[in-house]
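>>> Take a look and give me a structure for this.
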Amino acid sequence: MKKILLSFFLAAIILLTGGCDKKEAEVQQEPETPKATVQQSVQAFGVVKTKQVKGIMLDLPATIEKIHVQEGQRIGKGDVLFTLSLKEIEDQIKEKEYSLEIAKLELQKLLENMDVQYLDDDPEIMQAKYNLRTSQLEYEKLEKDLKNKEIMLQKGGIAQNELNESKVILEQKQKEIEYGRVKLEDVKNKRRVSNNRDALDVKIKEKNIVLLESQLLTLKEKIAASGIKGNEIICDLEHGVVEKINIAAGDRLNAEKQIMSILDLDTLIVQAKVVEDFIKDIKVGSKALINPLANPDQEYEGIVSRISNMAVLENGETVVPVEISIAKVDDFLLPNFNINIKIMVP
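Predicted structure coming up:
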């Protein structure tokens, strides 16, 4: 009886094994369904920033009269940012214009006086010339008289002492002529010195005029270069937002202090940090999907526009800064929004 049961049991096992092999063979014969390809991506976290920030600084002697905007306010081209009181610089311009006019009149008067101060027409020089010429004529007359007396002495017409007296008089006249020449030259030299002094005064006044003109031009150029229309500072960005205001009404402008900073909304980007383990999987031009934490259902397309050539340590982890440009920006996306990012692996 036991042998019969054992034989039956072995037969059952053989049948079951054969059936399983057959079913396995049938399964292997069925074609495999291809699995869908899933594109790999690198996860990152970032913040919306602007590539351009316009800082407003003015080098003007002026004060803030009124501020027309506030921090966080959207602004556009032509919007008035603040109004200035320009009384101080306007007074400086008037003062420079007045000083310039006076300097030009003083120069004109000096030049007119120099025009009539020729050496030959100077009264003192003319008198010295007249005295010298008179002495010379007298000398010529005495010289002729001496020659006549020499002839008369030879003929016995005069005594020797009379001739000697004439010689002494002639010598004195000669000395008088020499003195006259020295006197004339001395007067001329004094006049030359005076004229040179006047010429120096002319140069000084001319340089002073150039300086005043330069200072006046600088003041006017400061107003022109500051973007002021009337007495108002106007926004020149198409789309911006006021980031920071560093002044208050009544403050005097400081050339070294920034008055206001404005974010250029037309230059929005995402600054992200990719863990060093995955930086090899992305490159400049890689596509990215951007989801702001403020609305995770909102999605923007972007492209990796820059990968830093230097890694940094942040919160104990080594990361590489990455910049992502945004294909299409709307009014919802704001600076400093936190962003979840998927960077597609090529």
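>>> only C-alpha atoms for contact and neighbour calcs from this point on.
Will do.
>>> got the contact list for Ala294?
Phe337, Asn338 (C-alpha atoms under 8 Å, 6 or more residues apart in numbering).
>>> May I have the secondary structure class of it?
With DSSP: H, G, I helix; E, B strand; the rest coil as the basis, the three-state label of Ala294 is coil.
>>> next one: the one 4 residues further on
Taking three-state DSSP as the rule, one finds Gln298 in the coil state.
>>> How much space separates it from Lys66?
According to C-alpha to C-alpha, to the nearest Å, Gln298 and Lys66 sit 39 Å apart.
>>> So if I had to pick from the two, which one is more boxed in?
Neighbours per residue (other C-alpha atoms under 10 Å) separate Gln298 from Lys66, with Lys66 holding more: 16 against 12.
>>> my read: that one touches Val80, true?
No - using C-alpha atoms under 8 Å, Lys66 makes no contact with Val80, being 10.2 Å away.
>>> Quick check: buried residues in the strand or helix carrying Lys141?
Lys141 is part of helix 123-155 when elements are defined by DSSP states H and E. Within helix 123-155, the residues that count as buried by 16 or more other C-alpha atoms under 10 Å are 125, 128-129, 131-132, 135-136, 139, 142-143, 146, 149-150.
>>> Tabulate those residues in TSV, adding columns for distance to Glu95.
Output for the buried residues of helix 123-155, formatted as TSV (distance: C-alpha to C-alpha, whole Å):
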residue	distance to Glu95
Ile125	44
Ala128	48
Lys129	50
Asn131	53
Leu132	54
Ser135	59
Gln136	60
Tyr139	64
Leu142	69
Glu143	70
Leu146	75
Lys149	80
Glu150	81
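>>> what's the closest of the residues you listed to Glu171?
Tyr139 (8.9 Å; C-alpha to C-alpha).
>>> show me what contacts the closest one?
Residues near Tyr139 by C-alpha under 8 Å, 6+ apart: Leu170, Lys173, Gln174.
>>> and after the helix holding Lys141, which helix or strand comes next?
Downstream of helix 123-155 (by DSSP H and E), the next one is helix 160-225.
>>> Which elements pack onto that next one?
Packing partners of helix 160-225 (3 or more C-alpha pairs under 8 Å, 6 or more residues apart in numbering; DSSP states H and E): helix 87-115, helix 123-155.
>>> what mean pLDDT does the last one have?
If I follow you right, that is helix 123-155. Averaging pLDDT along helix 123-155 gives 86.
>>> what angle sits between that helix and helix 160-225?
With axes from the mean of the first three to the mean of the last three C-alpha atoms, to 10 degrees applied, the angle from helix 123-155 to helix 160-225 works out at 160 degrees.
>>> 526 is where my numbering starts, stick with that
Yep, numbering from 526; the last one is helix 648-680 now.
>>> Helix 648-680: how far from the chain's middle?
Centre-to-centre, helix 648-680 and its host chain are 78 Å apart (C-alpha atoms, centre = their mean, to the nearest Å).
>>> Do I have it right that Glu738 meets Leu625?
Yes - using C-alpha under 8 Å, Glu738 is in contact with Leu625, at 7.0 Å.
>>> So which of these two has more stuff around it?
A side-by-side neighbour count of Glu738 and Leu625, using other C-alpha under 10 Å, places Leu625 first with 19 against 15.
>>> The more buried one touches Leu737, doesn't it?
Yes - assessed by C-alpha under 8 Å, Leu625 is found in contact with Leu737 at 5.9 Å.
>>> Can you give me the distance of Pro821 to Ile702?
Distance, Pro821 to Ile702, by C-alpha to C-alpha: 114 Å.
>>> Compare these two (neighbour count), which wins?
Comparing Pro821 with Ile702 by neighbour count (other C-alpha under 10 Å), the higher total belongs to Ile702, at 21 against 11.
>>> surely the more buried one meets Glu663?
No - Ile702 is beyond contact range of Glu663, at 9.7 Å (criterion: C-alpha under 8 Å).
>>> Report the residue ranges of every domain in this structure.
The chain breaks down by automatic domain parsing into domains covering 566-576+789-869, 613-740.
>>> Arg831 pairs with what?
Beta-bridge pairing for Arg831 (DSSP bridges): Glu848.
>>> in the chain, which residue is closest to the centre?
Ala750 (10.3 Å; C-alpha atoms, centre = their mean).
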